[in-house]
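[1] Dropping the sequence and predicted coords here.
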Amino acid sequence: MEAVRINTPVRPAPAHLVPALSGSKTPVLSAAARRLGVLPMPNLAWTPEVERETAHLYEKIRSVMPPVEWPFHAPYVKAINDLKKQRNAVILAHNYQTPEIYNCVADVVGDSLQLAKLAASSQADIIVQGGVHFMAETSKLLNPDKIVLIPDLNAGCSLAASITGADVRLLCKTYPGVPVVAYVNTSAEVKAEVDICCTSSNAVKVVESLGVDTVIFLPDQYLAKYVAARTKVKIIAWHGACEVHERFTAEELNAYRANDPTIKIIAHPECPPEVIAASDFAGSTAAMIDYVKTQKPARVLLVTECSMADNVQAETGGVTEFVKPCNLCPHMKRITLPKILDSLIYLREEVVIDPALAVRARESVERMIRLG
Ligand code: SF4
């Protein structure tokens, strides 16, 4: 597989990731808030009523959250669930969101592909993205008439930040006529320049659907290697990496296995190839969850973002013991209950995409969805 290295300068934070603040440091109201109004801040006290109304939700996460922590989260959980009804809003939460978000306020949970598809069929007026900025952009692309909010504009992604639309245009000039496949972990600006998107669950299928012998695959060099090992199509890769998954090492996994030879190790394809080779199974977050639910291993090591192990543990009810190396994604962890509450009250931060660019970016995503 060919690895493309084009020297690019260190880039400042993209303008769309800089929060809009007025000179007085008072947050500027979003267009949606000017239209629909700001709601009053709910009471956030821990009361018997809050305890009673959220007890069934705490039961869902009891195995991963000690009782002493719940009184801090429960008032937000109740307030957010009340405000969702008032605003006709839904919360989409990626598998890497913390258990109190994933299990207690989210309406839809899943990996990038699942969230993208479900975002497209949502009947809500407002979508709050529990995830990072490129996911919120994807939701906006598929729901151009809805208000899409990201609770923290700085929730970025090292993969999405590794490449720009100009980089893609340069690649296309270097390899004329070669189609470009972009992992969904890219900005709308990049999606607008490519032929089709993919996720880690459908990357091989998408590459082979193009019916050519060479494709440019971006931005994840490790997912590109994972795909290249499973197809005859020649892959020209970009050099991006997920800052969470590239930290895992084969030595680390081998040490866990030496300690317990019966442990099952399952890894995400964003990990380096030697980490995949040291694992029993590799697949998207949805495939990893499916593996745990169907295989029911006695002990499992999930080689991915740490919160997912908590969420799967909460869902699978104690059949499996989870070993958690706990690499956290700092971007995913920017999304918190207080910020989600603010989003619903102030309708911020609203995701806005240039309409002409959105048409081209949407086609790349919809082409992937049409593949099934
Ligand atoms: S876990 Fe990696 S790929 Fe996912 S949002 Fe964080 S940095 Fe991006």
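    Looks like it came in fine.
[2] Spatially nearest residue to T186, not counting backbone neighbours?
    Nearest non-adjacent residue to T186, counting by Cβ to Cβ, 6 or more residues apart in numbering: A160, 5.4 Å away. C-betas here are computed from N, CA, C, even on glycine.
[3] need the contact list for the one you found.
    132-134, 185-187, 190, 219 (Cβ atoms under 8 Å, 6 or more residues apart in numbering).
[4] check those against the ligand, which are close?
    Filtering those for neighbours of the ligand using Cβ under 6 Å from any ligand atom leaves 132, 185.
[5] At which residues are the strands of the stretch 51-200 of the chain located?
    For the stretch 51-200 of the chain, the strands defined by DSSP state E, counting those that start in this stretch occupy 89-94, 108-110, 126-130, 147-149, 180-183, 196-198.
[6] How far away from the center of its chain is the longest one?
    Meaning strand 89-94. Distance of strand 89-94 from its chain centroid, counting by Cα atoms, centre = their mean, to the nearest Å, is 12 Å.
[7] Give the bridge partners for the closest residue in space to Q295 that isn't next to it in sequence, please.
    Residue nearest to Q295 in three dimensions, not counting chain neighbours: K264, with 7.1 Å by Cβ to Cβ, 6+ apart. For K264, the beta-bridge partners are V300 (DSSP bridges).
[8] any idea how far the ligand is from K264?
    Remark: distance between K264 and the ligand (Cβ to the nearest ligand atom, to the nearest Å) = 22 Å.
[9] Next one: that residue from Y346, what distance?
    Distance, K264 to Y346, using Cβ to Cβ, to the nearest Å: 44 Å.
[10] next one: V108
    Where Y346 is concerned, V108 sits at a distance of 22 Å (Cβ to Cβ).
[11] Close to the ligand: what parts of the stretch 1-150 of the chain are there?
    Counting by Cβ under 6 Å from any ligand atom, the stretch 1-150 of the chain sits next to the ligand at 96, 132.
[12] residue contacts, the closest residue to the ligand within the stretch 1-150 of the chain?
    Here the stretch 1-150 of the chain gets closest to the ligand at one residue, V132, 4.6 Å apart by Cβ to the nearest ligand atom. By Cβ under 8 Å, 6+ apart, the contact set of V132 is 94, 150, 155-157, 160, 329, 331-332.
[13] can you do 10 Å?
    V132 makes contact with 94, 96, 112, 150, 152, 154-157, 159-160, 185, 329, 331-332, 334-335 under the criterion Cβ atoms under 10 Å, 6 or more residues apart in numbering.
[14] cool, and L171?
    Counting by Cβ under 10 Å, 6+ apart, L171 makes contact with 4, 6, 163, 178, 180, 193-194, 216, 218, 236, 238.
[15] next one: V105
    By Cβ under 10 Å, 6+ apart, the neighbours of V105 are 57, 73, 76-81, 83-84, 91, 93, 97, 128, 130, 337, 340-341, 344.
[16] Which of the strands of the stretch 51-200 of the chain comes out lowest on mean pLDDT?
    Lowest mean pLDDT within the strands of the stretch 51-200 of the chain: strand 108-110, a mean of 91.
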